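S.K.: Have a look; sequence and predicted model below, questions after that.
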Amino acid sequence: MKTAESPAIQIIATADDRVGKTPATTSVQPVPAHLPQLIKELRTSGYAMPASAAVLVKIGKPAVPALIELLDAPTWVPRWKAVRVLGLMGPEAKEALPALEKALQREKPHVFERQFLPLAIAAIKADTKPLIDCVEGKTKSSDAASDFAAELLRRARLQETTDACLATS
């Protein structure tokens, strides 16, 4: 994907571009005006993942910078939620990798951060081995982390299937 000069505008390539064909068109996708409210919900919604998380995943790349900022929140809950959303975005959140890897080095991370960060990083890098290891119990993880890994694997498999279908059409 290519970024326009303005940080509020993203150039989104078509599906043809993802399979190596020349795109017929590109579209301009502005950063949604309600993005700050969605991020605020991640900060303030307690331990439960708010519905705004799913909206942020759908927004995708335009939401990544705000989620990167959330990785520096003073408490672990919003940081953990940002990690989850970025992981669910998969490779689309590639620009968050340096911040996620930095967060992994944080002194005394919360147990959920310690377990979820490597899974999100793996999902963004499209590396399914750590996800499979977590689901199969080869790594010491909570049930929540294992469930997250399973969700990331489902998304990765769905994307692989979609990409394969696009390549053959």
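M.R.: Noted; the coordinates are in hand. On a predicted model such as this, the values are computed, not experimentally measured, just so you know.
S.K.: how many other residues sit next to residue 140?
M.R.: By other CB atoms under 10 Å, 8 other residues sit near residue 140. To be clear about C-beta, it is placed using only N, CA and C from the backbone, and glycine gets the same treatment.
S.K.: now the strands for this protein?
M.R.: Secondary structure of the chain (DSSP state E): strands at 2-3, 9-13, 26-30.
S.K.: so where's the longest helix in this protein?
M.R.: As assigned by DSSP state H, the longest helix anywhere in the chain is helix 143-168.
S.K.: if we can go back for a sec, now the weakest link among the strands of the chain, please, by mean pLDDT.
M.R.: For the strands of the chain, mean pLDDT drops lowest on strand 9-13, to a mean of 35.
S.K.: count of neighbours near residue 48?
M.R.: Neighbourhood size, residue 48 [other CB under 10 Å]: 9.
S.K.: typed the wrong thing, it's residue 138
M.R.: Here the count is done by other CB under 10 Å, and residue 138 has 11 residues near it.
S.K.: and the gap between it and residue 67?
M.R.: Per CB to CB, to the nearest Å, residue 138 is found 29 Å from residue 67.
S.K.: Please apply the same query to residue 160.
M.R.: In this view, residue 160 and residue 67 are 24 Å apart by CB to CB.
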